[in-house]
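K.L.:
no sequence for this one, just the structure:
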């Protein structure tokens, strides 16, 4: 009984909104499962239209066919796509990162997804907007998942006029042209450049660094380990005009006090990322190092 | 006082007040903060926001320490650009700030005004504070203090907009209210 009471805590907190510092309206969202409390301040109001236009790059109807835990909080869910409602999707099975315990095998869901990839990952994934997941029942009715632990559903769906799959599909088709990601090119991560010349062209910054105060960190994205590296710049070959950059996130191949040639790209908000999944970090002890420096110096 | 069977230890906590919208409150016995600034903030601003947050909670009776190694910590506080912090947790792309409390154990329950309140011990916490949110330092101070509050066991949110632990971001209040403090210090 006590357990039931605990897990009957509402997941969605729709609180009053106000604007300070000319910020958009914001909601606080808390998500609880028995192993983790995830609490955050959502960027936009939690409603259907924002889920379609602001929190997602893709929307699918799909069914989990395999679930693998990533850590205490997250799982990698391999979803068989039945219908793609927004965003280009060529795959029939996609990798979705979701909060643990939220999705069940073989059930059907409408999933609001944001494409995510990074040179630090072995492969990209679609990040589920966990605050807004709809379960579809046999009669094609939809319900919002309100509590992931006891699978409490908000029934009927808060916006009743979209309470059937066909209705919500119609609505998504109507508003998806307002999606904030629709004109953004999908930035495919380069696996590896074909040669050093290409690596130079596609990189915004090429620097030689000495790694300092190295920390190895686990990513909640895929449970891989990456290097959080303090650094000193020894030489700048390209770009390198950094302001307020204290650490670099690099593949887990670097060592403290090691010297490396590093190829970096700017991100959408002025951050830095390795240029490609492979070949963005070359050790001074590597035979490739001298060759690379030769090509870079010629350019 | 310890109650319960040999398998489960229930700590006895008597609550004199309770201001959260969730029937949960937690304790973080470690409270060792490891913080890393990646990019975006100036080092002095980041240090200022972090120190303000820590001092506020320390004055409320919930002290914490800085540690220099990740290994020794149970609160990880990261500051940086959104795209940088998304490498740690991609969910940050949907949020202004994010705190992930990993639970050690449920330590018991207590009641307050007829409500059953669940008590937890936290294991480790990750706090992600991105740079792009506020234009004023006080907005950031509020954000850091609010998120540190979660990491120390203040689970859920206050419904009073004067409180730092109020549920909506964007307030420029950077000092804890009596309600903020009284709620959490009962666990310590």
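P.N.:
All right, it came through fine. The model shown is predicted, which means the values in this text are computed figures rather than measured ones.
K.L.:
just the mean pLDDT for the longest strand along chain B, thanks.
P.N.:
Criterion DSSP state E: the longest strand present in chain B is strand B:95-112. Mean pLDDT, strand B:95-112: 90.
K.L.:
which helices and strands does it pack with?
P.N.:
Strand B:95-112 sits against strand A:36-42, strand B:10-11, strand B:24-27, strand B:115-130, helix B:137-152, with contacts defined as 3 or more Cβ pairs under 8 Å, 6 or more residues apart in numbering or on different chains; DSSP states H and E. In this view, the C-beta of every residue, glycine as well, is placed from N, C-alpha and C.
K.L.:
mind redoing it with 6 Å?
P.N.:
The helices and strands touching strand B:95-112, judged by 3 or more Cβ pairs under 6 Å, 6 or more residues apart in numbering or on different chains; DSSP states H and E, are strand A:36-42, strand B:10-11, strand B:115-130, helix B:137-152.
K.L.:
and the stretch 151-299 of chain A, which of its residues are near chain B?
P.N.:
Counting by Cβ under 6 Å from any Cβ of the partner chain, the residues of the stretch 151-299 of chain A close to chain B are A:215, A:220-221, A:244-247, A:249, A:267, A:269, A:271.
K.L.:
now tabulate the residues you listed in a markdown table and tack on pLDDT, secondary structure and neighbour count.
P.N.:
Shown next, in a markdown table, are those (pLDDT from 0 to 100; DSSP: H, G, I helix; E, B strand; the rest coil; neighbours: other Cβ atoms under 10 Å in any protein chain shown):
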| residue | pLDDT | secondary structure | neighbour count |
| --- | --- | --- | --- |
| A:215 | 90 | strand | 16 |
| A:220 | 90 | coil | 21 |
| A:221 | 94 | coil | 26 |
| A:244 | 93 | coil | 17 |
| A:245 | 96 | strand | 22 |
| A:246 | 97 | coil | 19 |
| A:247 | 97 | strand | 22 |
| A:249 | 97 | strand | 25 |
| A:267 | 92 | coil | 19 |
| A:269 | 90 | coil | 16 |
| A:271 | 93 | coil | 24 |
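K.L.:
now those residues in a markdown table, with distance to residue B:175?
P.N.:
Below are those laid out as a markdown table (distance: Cβ to Cβ, whole Å):
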| residue | distance to residue B:175 |
| --- | --- |
| A:215 | 32 |
| A:220 | 32 |
| A:221 | 36 |
| A:244 | 27 |
| A:245 | 32 |
| A:246 | 28 |
| A:247 | 31 |
| A:249 | 34 |
| A:267 | 35 |
| A:269 | 30 |
| A:271 | 32 |
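K.L.:
tell me how many other residues crowd the closest residue in space to residue A:279 that isn't next to it in sequence.
P.N.:
Spatial nearest neighbour of residue A:279, excluding adjacent residues (Cβ to Cβ, 6 or more residues apart in numbering or on different chains): residue A:192 at 4.8 Å. Per other Cβ atoms under 10 Å in any protein chain shown, the neighbour tally for residue A:192 reads 13.
K.L.:
returning to that earlier point: list the neighbouring strands of the longest strand of chain B plus their orientation.
P.N.:
Paired strands of strand B:95-112, with direction, are strand A:36-42 (antiparallel), strand B:115-130 (antiparallel) (DSSP bridges).
K.L.:
for that strand, buried residues please.
P.N.:
B:95-104, B:106-108, B:110, B:112 (16 or more other Cβ atoms under 10 Å in any protein chain shown).
K.L.:
surely residue A:297 forms part of a strand?
P.N.:
No: Residue A:297: not assigned to a strand; according to DSSP: H, G, I helix; E, B strand; the rest coil it is helix.
K.L.:
distance of the closest residue to it other than its chain neighbours relative to residue A:161?
P.N.:
Of all residues not flanking residue A:297 in the chain, residue A:237 sits nearest, at 7.6 Å (Cβ to Cβ, 6+ apart). Distance check for residue A:237 against residue A:161: by Cβ to Cβ, to the nearest Å, it reads 58 Å.
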